[in-house]
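Novice: A structural model of the following input is requested.
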Amino acid sequence: MTMNKINIRHCIMVSVLLLSITIIPWLHADAAQSTENQRIEISMTPPVLYQGEICRIDLKPEQDSEIFWVKYGSRHLILKPLGSHRYMALVGAGIKEKPGRKKLEIKLSSNDHGSRVITKLITIKTKTYPEEHLKVAKKMVEFPPDILKRVLDDQKAVRNACSRITKDIYWNRPFIWPVKSKILSPFGLRRFFNGKPRSPHSGMDLRARKGTPLKAPNNGRISLVRDCYLSGNTVVINHGGGLYTLYAHLSKVMVKQGQMVNKGDIIGLAGATGRATGPHLHWGVSLFGTRVDPAGLMAILGP
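Specialist: Residues are numbered from 1 along each chain as shown. The predicted structure is shown next:
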């Protein structure tokens, strides 16, 4: 055998060996991932999370596995048991959240397989919201110092009322609308007063005549009752697990702070208190302190 043939055969053998070293770990990694995925079923509704939206994560571990914790980004989620070894969690994206991918991590434990962490990537996409340009009197957009202090105090009180994460989850499907009517102003609407941008609309405005009864959309505890300068008579309901709903411009409040309410209970009457151009209900939803679209909540948890 000539030297050239020996060199060619040697090169072929080395190439095959290197290829096998490259492929085998790759196959092993895929097999390991497949085995992990068989320990739990994960589904997401809707499958993509847009800015300002909310989604539900349904989890079903195998019977021999238990969920130790679920983490979304740096936050531990509160799971709602659904029976038959199934659970649900809610995640949301702020209207200004950076598009991209965010980790959902689930730690499982079982007697046979020990503990492991399974990762699912959630895609956050950009959403474009409508704009409204208005020309108004200067006093409507610029507050004197004493009024500005009250506005800021009101905003802080509402934020604090929506910030507590209780492990108890009070709500049960389905959520109901606080009032069935036309949407006057959608969530996320960008208003420009005299050419200057204001904060995006943090809820939705629903048509409601003065005195229209407003229903609690689900069970919860009243975490705030306050007369605010801008939002008028304001009520916040804690539904547990970081989920809150907010009601503004009420003509009359019929609940007290700390009171438990059930789905369908009348919490107050619609009105035009605070800074409002006419009677309506401003309805907001907050998840872990971030405002999300109420229509999205109803899409995943409504009737």
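Novice: Which of the three states applies to residue 297?
Specialist: What DSSP: H, G, I helix; E, B strand; the rest coil gives for residue 297 is helix.
Novice: Just give me the neighbour total for the closest residue to residue 189 other than its chain neighbours.
Specialist: What sits nearest to residue 189 in space, not counting adjacent residues and going by C-beta to C-beta, 6 or more residues apart in numbering, is residue 201, at 4.1 Å. From N, CA and C alone the C-beta is placed, and that goes for glycine too. The criterion is other C-beta atoms under 10 Å. On that basis, residue 201 has 22 neighbouring residues.
Novice: Can you show me the helices along the stretch 101-250 of the chain?
Specialist: Assigned helices in the stretch 101-250 of the chain, in chain order: 145-161 (criterion: DSSP state H, counting those that start in this stretch).
Novice: Can you give me the neighbour number for residue 210?
Specialist: With other C-beta under 10 Å as criterion, residue 210 counts 16.
Novice: I figured it was touching residue 252, is that so?
Specialist: No. Using C-beta atoms under 8 Å, residue 210 is not in contact with residue 252; the gap is 9.6 Å.
Novice: Spit out the residues that contact these two alike.
Specialist: Common contacts of residue 210 and residue 252 (C-beta atoms under 8 Å, 6 or more residues apart in numbering): 269, 271.
Novice: quick one, domains of the chain?
Specialist: Domain assignment for the chain by automatic domain parsing gives 40-125, 131-301.
Novice: which of the ones you listed sits most buried?
Specialist: Between those, the one whose residues have the most neighbours on average, counting mean count of other C-beta atoms under 10 Å, is domain 131-301 (a mean of 18).
Novice: What is the end-to-end distance of it?
Specialist: With C-alpha to C-alpha, to the nearest Å as the measure, the ends of domain 131-301 fall 28 Å from one another.
Novice: So for the residue nearest to the spatial centre of the chain, what's the pLDDT?
Specialist: With distances taken as C-alpha atoms, centre = their mean, the chain has residue 92 as the residue nearest its mean C-alpha position (2.5 Å). Reading off the confidence values, residue 92 has pLDDT 97.
Novice: So it sits against residue 287, correct?
Specialist: Yes. Counting by C-beta under 8 Å, a contact exists between residue 92 and residue 287, whose distance comes to 4.2 Å.
Novice: residue contacts, residue 237?
Specialist: With contact taken as C-beta under 8 Å, 6+ apart, residue 237 is in contact with 216, 218, 220-223, 244-247, 261, 267.
Novice: again, only this time at 10 Å
Specialist: For residue 237, the contacting residues are 161-162, 170-171, 178, 216-224, 243-247, 255, 259-261, 265, 267, by C-beta atoms under 10 Å, 6 or more residues apart in numbering.
Novice: any idea how far residue 260 is from the closest residue to residue 219 other than its chain neighbours?
Specialist: Leaving out its chain neighbours, the residue that sits closest to residue 219 by C-beta to C-beta, 6+ apart is residue 170, at 4.2 Å. Computed as C-beta to C-beta, to the nearest Å, the residue 170 to residue 260 distance reads 8 Å.
Novice: Give me the common contacts of those two.
Specialist: Here residue 170 and residue 260 share the contacting residues 219-221, 237-238, scored by C-beta under 10 Å, 6+ apart.
Novice: Return the member of the residues you listed nearest to residue 166.
Specialist: residue 238 (6.5 Å; C-beta to C-beta).
Novice: Let me see the confidence value for the closest residue to the closest one other than its chain neighbours.
Specialist: Residue nearest to residue 238 in three dimensions, not counting chain neighbours: residue 223, with 4.3 Å by C-beta to C-beta, 6+ apart. We note a pLDDT of 98 for residue 223 in this prediction.
Novice: how about the nearest residue to residue 217 once chain neighbours are set aside, what does it touch?
Specialist: Excluding the flanking residues, the one nearest residue 217 by C-beta to C-beta, 6+ apart is residue 175, at 4.7 Å. Residue 175 makes contact with 216-218, 239, 243, 245, 263, 285, 294, 297-298, 300-303 under the criterion C-beta under 10 Å, 6+ apart.
Novice: Understood, closing this out.
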